[in-house]
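Engineer: Let's see this in three dimensions:
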Amino acid sequence: MKETIPSVSQDDLEIIKATLNESSQAFGELVEKYQARLYNSIAHLFGPRDAEDIVQDAFVKAFQKLSTFRGTSSFYTWLYRIAFNTAVSYQRRHKTTTSLEQKKEKIGDYLPDKHDRPDECLEKKERAEKIQLALYLLNEEHQTILILREYEEMSYETIAEILKIPVGTIRSRLHRARICLKDAINQVLHKDFE
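Structural biologist: Residues are numbered from 1 along each chain as shown. Down below sits the predicted model:
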């Protein structure tokens with residue numbers, strides 16, 4: 001079964017048209033609709049510390065470039081591409097060596113299920129931290145493709161559009177990223193990072 005790129009919703013099209021007809025208030029509806037999802041995605045990729053600034057910049061750029069939106073993809077895909085490019089530029093400008101402790105800090109808080117027993121909560125938290133740490137040990141290319149496919153559950157075609165690379169390359173990079181993640185998880189499990 002062939003996956004397809006999601007098309008723009010009718011609701012989003014109407015809001016975009018209203019915004020382009022000088023109703024900047026209408027754009028606020030798009031911000032409300034997509035802000036939390038975009039923040040979570042960017043925070044997962046680049047850490048919560050910078051995500052707020054990146055998302056805010058992405059919405060400003062999206063507003064400024066809204067007339068260039070062609071509607072060949074969903075609005076969120078288009079917005080995500082802007083946010084991703086903004087984040088990559090931000091990372092390049094603020095490039096510093098990230099310590100293991102800083103990578104651990106990017107993991108964020110674990111929210112246990114209210115039905116979990118205390119020992120289950122601790123086990124889930126530890127497992128989530130190890131997986132997140134393993135993810136952050138990967139290079140940026142592998143992190144990005146895993147998060148887009150596994151966390152964001154984007155189709156191969158949507159990822160290809162966002163990253164501007166062929167679908168076949170997405171499939172091979174994803175395969176390699178999964179192997180690297182498995183190796184990184186083994187490394188985390190068998191090495192003391194404290």
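Engineer: Name the helix or strand for the spatially most central residue of the chain, please.
Structural biologist: The residue lying closest to the centre of the chain (Cα atoms, centre = their mean) is residue 41, at 3.0 Å. Using DSSP states H and E, residue 41 sits within helix 24-46.
Engineer: what do you get for residue 183?
Structural biologist: Per DSSP H and E: residue 183 is located in helix 167-189.
Engineer: do the same with residue 19
Structural biologist: With DSSP H and E as the test, residue 19 turns up in helix 10-20.
Engineer: counting contacts, what elements does that helix pack onto?
Structural biologist: helix 24-46 (3 or more Cβ pairs under 8 Å, 6 or more residues apart in numbering; DSSP states H and E). Every residue, glycine included, has its C-beta placed from N, CA and C.
Engineer: what's the next secondary structure element after the helix it packs on?
Structural biologist: helix 48-64.
Engineer: Mind listing residues that contact that following helix?
Structural biologist: Contacts to helix 48-64, defined as Cβ atoms under 8 Å, 6 or more residues apart in numbering, come from residues 19, 24, 27, 30-31, 35, 38-39, 42-43, 46, 78-79, 82-83, 86-87, 90, 94, 105-106, 108.
Engineer: Buried subset of those residues as a ChimeraX selection?
Structural biologist: The following ChimeraX line selects those of those that are buried, judged by 16 or more other Cβ atoms under 10 Å:
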select :19,27,30,35,38,39,42,43,46,78,79,82,83,86,87,90,106
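Engineer: Can you dump the C-alpha atoms of the helix or strand hosting residue 158 in PDB for me?
Structural biologist: Element membership for residue 158 (DSSP H and E) is helix 156-163. The C-alpha coordinates for helix 156-163 follow below in PDB (Å, rounded to 0.1, in the frame of the first residue of the first chain):
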ATOM      1  CA  TYR A 156       7.900   8.200   4.200                       C
ATOM      2  CA  GLU A 157       6.600  10.600   1.600                       C
ATOM      3  CA  THR A 158       6.000  13.400   4.100                       C
ATOM      4  CA  ILE A 159       9.500  12.800   5.600                       C
ATOM      5  CA  ALA A 160      11.000  13.000   2.100                       C
ATOM      6  CA  GLU A 161       9.200  16.300   1.500                       C
ATOM      7  CA  ILE A 162      10.400  17.700   4.800                       C
ATOM      8  CA  LEU A 163      14.000  16.600   4.400                       C
END
